[in-house]
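Undergrad: sequence first, then the predicted structure, then my questions.
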Amino acid sequence: MTTLGSKLSALRRARGLSQEQLAEAIGVSRQAVSKWELDAAAPEIDKIKSLADFYGVTTDYLLRTDAEAPPAPTQPSNSRQSSPIPSLGVSLTGCAVGLLLQYHGRFISASEWPSLVGVILQIVCFACGLTCFVQLRHTSPTVGERFLRLFLRLSVWLVLPLPCMAGMRLLVSFYPRPYWALVPVAAGFVLYLLLCGLVTAWTLRKKTM
């Protein structure tokens, strides 16, 4: 008779995974995985479904003690092992290029087209980053959360500079009295640092919760 714990242990070892790697992919602690494999505790129903999907087996195979035959894969798990680093790099690179285009259009070029293209590029790349997070959250909640924290922590520094400057320049324009020309720039820079600092602090705090 093959127990659920022995099946989980055999499937994990066959794929060359550690208990930490499996726990991260499923969204549980390493201690929980250890208890499952020792038959000291049983996974919840939703976790059994996640384990079956991850390993490409049926829930019936995992739950039946008389199922001795090797499991027939029902869904490849290679996509679940893919790294989110390329998606993160592409999204952040696009945001950086968009910032450079906006800077070029606003301060160097006589045309507004570079700025417009830069804004569109940043919107598209930011949306791609969030889409990647949604996909990762379905396959591996822990990896998805880590991706979102890192993506937000870095992307806000690339996306917010010129919007903060433009927004503060618009607000200061309503001030009825004369003011120094550098006041909007300084105020926008302070707003930029404040917003980026808050987002960074939030992502770091969320990580330690």
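TA: Okay, I see it.
Undergrad: drop to CA atoms for contacts and neighbour counts, all remaining ones
TA: OK.
Undergrad: least trustworthy helix or strand in this structure by mean pLDDT?
TA: helix 78-81 (a mean of 44; mean pLDDT, DSSP states H and E).
Undergrad: so what's the backbone phi/psi at the most centrally placed residue in the chain?
TA: Residue closest to the mean C-alpha point of the chain, counted by CA atoms, centre = their mean, is Phe147 at 2.5 Å. Per-residue torsions, Phe147: phi -60, psi -50 (degrees, to the nearest 10).
Undergrad: low-confidence ranges in this protein?
TA: In the predicted model, the chain carries pLDDT under 70 at residues 1, 66-83, 206-209.
Undergrad: and the helices in it?
TA: 4-14, 19-26, 30-37, 45-55, 59-63, 78-81, 85-103, 113-139, 141-159, 161-172, 183-208 (DSSP state H).
Undergrad: the residue nearest to Cys125 when sequence neighbours are not counted: what's it in contact with?
TA: Leaving aside its sequence neighbours, Cys125 sits nearest to Ser91 (CA to CA, 6 or more residues apart in numbering; 4.8 Å). Residues near Ser91 by CA atoms under 8 Å, 6 or more residues apart in numbering: Cys125, Phe126, Cys128, Gly129.
Undergrad: now, which of those residues sits nearest Ala186?
TA: Ala186 has its nearest neighbour among these in Phe126, at 26.3 Å by CA to CA.
Undergrad: isn't the closest one up against Cys95?
TA: Yes: Phe126 is within contact range of Cys95, at 7.1 Å (criterion: CA atoms under 8 Å).
Undergrad: list the residues that contact both of these two?
TA: Residues touching both Phe126 and Cys95 by CA under 8 Å, 6+ apart: Ser155.
Undergrad: and the residue nearest to the centre of the chain, how far from Glu24?
TA: In this structure, Phe147 lies at 13 Å from Glu24, with CA to CA, to the nearest Å as the measure.
Undergrad: likewise for Pro141?
TA: 8 Å.
Undergrad: more crowded one of those two?
TA: Pro141 (19 against 16; other CA atoms under 10 Å).
Undergrad: check contacts around the more buried one.
TA: Ala25, Ile26, Gly27.
Undergrad: same question, Phe151
TA: Neighbours of Phe151 in contact, by CA under 8 Å, 6+ apart: Leu88, Leu92, Gly129.
Undergrad: which of these sits closest to Gly197?
TA: Distances from Gly197 to the contacts of Phe151, taken by CA to CA, are shortest for Leu92, at 17.9 Å.
Undergrad: residues near the residue lying closest to that closest one once chain neighbours are set aside, how many?
TA: Nearest residue to Leu92, sequence neighbours excluded (CA to CA, 6+ apart): Ser155, at 6.2 Å. Counted with other CA under 10 Å, residues neighbouring Ser155 total 22.
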